[in-house]
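Visitor: Model the structure of this input:
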Amino acid sequence: MTLTIDEAAISSGTASAPADGRVPLSILDLAVVGEGSTGADAIRASLDLAVEADRLGYRRVWYAEHHLAPGVASASPAVLAALAAARTTNIRVGSGAVLLSTTSPLVAAEQFGAIAAAHPGRVDLGLGRAFTPPPTSSGAPARRVEPTPARVVDGLHVPASPPFDYNDSELRERFLAHARVLATGRQSADFRSELEVVLALRAGELQAEGRPFVSPPVQHADLDLWVLASSGGESARVAGELGLPLAANFHVSPSSIVETVASYRAAFRPGVLAQPYVTVSVDVLAADTDAEAERLADGFADWVLSIRRGPGASTYPRPGTSSALSDADRALVRDRLETRVVGGPATVVDRLAVLQRATGADELLVTTQTHDPADSRCSFALLADAWSLTPAPAARTR
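Guide: I've put the predicted structure just below:
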């Protein structure tokens, strides 16, 4: 079925549009584990946030997939989405993203199809591919990834790409060990083929080796399929070619946001959607004042560094306990620090408006990390008020 962009917007959520015409806001939740707390604490706080986000009028809440990371409890997006859907009324729930390096497209579609059966019209299946360092062969050095310089695009600061050293043997071994623990034994197909499996299952038209296959949880499931992309490469291009909506990962890879969105739009052909639809993710931390927001933001550099020095995030530090980073370490996280939106409500709104204008985003996907979940909930509440979100209407009768 081909949707018009207006129909796509209706399909993407039931919360009413902001009163001043700003684009919708959504949430990407990692269920961050604060220093001194547990994964169980983080999951309970994450579900509490979903209830609050539903009340505030956010369009959707998505859950990331991270494994073996001490500071992130969002390891199973399908489980968290199902739990959140059961506790909420209007907000859409989904994945940002299920990683097809660890889960087959069939299993992902069946999981989210089952959720959609219980909560029709409120489910998003976001699919993506996990980062792996560039391959080497026969002991040869990893291919060189050319850095991109900092620039300003329509008022938006687009930072230089971080100076990753893909030939760092210790870093590569950590990634490879991580991958071995996660190994599922499946051989990944090309990304387009994997997305086409999901679309064919939903349409009831899957053929493999001349045989038809049907998955009852997926066939005609009332869910939206999304693609997540961090560069202008295969994921963004294929999303456009299949006419799917795109989530562009500014918060993960801010240096490539312009290329990611441009590649998607250049490749777009009417498919599931009649017109392109882009949500852009962004790190945000709002507080009552700029000074208070900066105080709460302390520790973010250490946390991002723990991700970039290896395959997993550390527990999130308490404010006031950050370490003095070396010049090399600061260079490795500078892009994330420069593009995290931190401040009082007015400051945050102004910077988000610039990001939306420069990328042409149809929606913004906000992610917030703090040591104390109460500070994250406060941030989302302040942003909802400053952005003029309208609380969602009462539940539909089913």
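
Visitor: which strand in this protein runs the most residues?
Guide: Secondary structure of the chain per DSSP state E: the longest strand is strand 278-286.

Visitor: tell me what the helix or strand following that strand is packed against?
Guide: Per DSSP states H and E, strand 278-286 leads on to helix 290-297 as the next helix or strand towards the C-terminus. Contacts defined by 3 or more C-beta pairs under 8 Å, 6 or more residues apart in numbering; DSSP states H and E place helix 290-297 against strand 278-286, strand 341-343, helix 345-359. Quick note: C-beta positions are derived from backbone N, CA and C, even for glycine.

Visitor: ok, residues contacting helix 290-297?
Guide: Residues from elsewhere that reach helix 290-297, judged by C-beta atoms under 8 Å, 6 or more residues apart in numbering: 285-287, 319-320, 340, 342-344, 347-348, 370-371, 375.

Visitor: average pLDDT for that helix?
Guide: Per-residue pLDDT over helix 290-297 has a mean of 98.

Visitor: so after that helix, what's the next helix or strand?
Guide: Per DSSP H and E, helix 290-297 leads on to helix 300-308 as the next helix or strand towards the C-terminus.

Visitor: Next, the angle from the following helix or strand past that following helix to helix 290-297.
Guide: The element immediately downstream of helix 300-308 (helix or strand, assigned by DSSP H and E) is helix 327-339. Angle between the axes of helix 327-339 and helix 290-297 is 130 degrees (criterion: axes from the mean of the first three to the mean of the last three C-alpha atoms, to 10 degrees).

Visitor: Counting neighbours, which bits of helix 327-339 end up buried?
Guide: Within helix 327-339, the residues scored as buried using 16 or more other C-beta atoms under 10 Å are 329, 332, 333, 334, 335, 336, 337, 339.

Visitor: All the helices of the protein, in order from the start?
Guide: 5-11, 39-56, 77-87, 105-118, 169-182, 191-203, 234-241, 257-267, 290-297, 300-308, 327-339, 345-359, 373-386 (DSSP state H).

Visitor: who's in contact with the longest one?
Guide: For helix 39-56, contacts defined as C-beta under 8 Å, 6+ apart pick out 27, 29, 31-34, 61, 63, 73-74, 80, 83-84, 87-91, 93, 373, 376-377, 380-381, 384, 389, 391-392.

Visitor: Quick check on the residues you listed: which are buried?
Guide: Going by neighbour count (16+ other C-beta under 10 Å), the contacts of helix 39-56 have 27, 29, 31-34, 61, 63, 73-74, 80, 83-84, 88-91, 93, 373, 376-377, 380-381, 384, 389, 392 buried.

Visitor: Pull the distance from stretch 288-300 to the chain's centre.
Guide: Put simply, stretch 288-300 sits 23 Å off its chain's centre (C-alpha atoms, centre = their mean, to the nearest Å).

Visitor: Quick check: residue 368 touching residue 285?
Guide: Yes. Here residue 368 reaches residue 285: they are 5.7 Å apart, a contact under C-beta atoms under 8 Å.

Visitor: shared neighbours, the two?
Guide: residue 379.

Visitor: number of nearby residues for residue 201?
Guide: By the measure other C-beta atoms under 10 Å, the count of residues near residue 201 is 23.

Visitor: What sits closest to it if chain neighbours are left out?
Guide: residue 218 (4.2 Å; C-beta to C-beta, 6 or more residues apart in numbering).

Visitor: Let me see the contact set for that neighbour.
Guide: With C-beta under 8 Å, 6+ apart, residue 218 has these contacts: 106, 109, 110, 113, 198, 201, 202.

Visitor: Likewise for residue 108?
Guide: 78, 95, 98, 100, 125, 127, 198.
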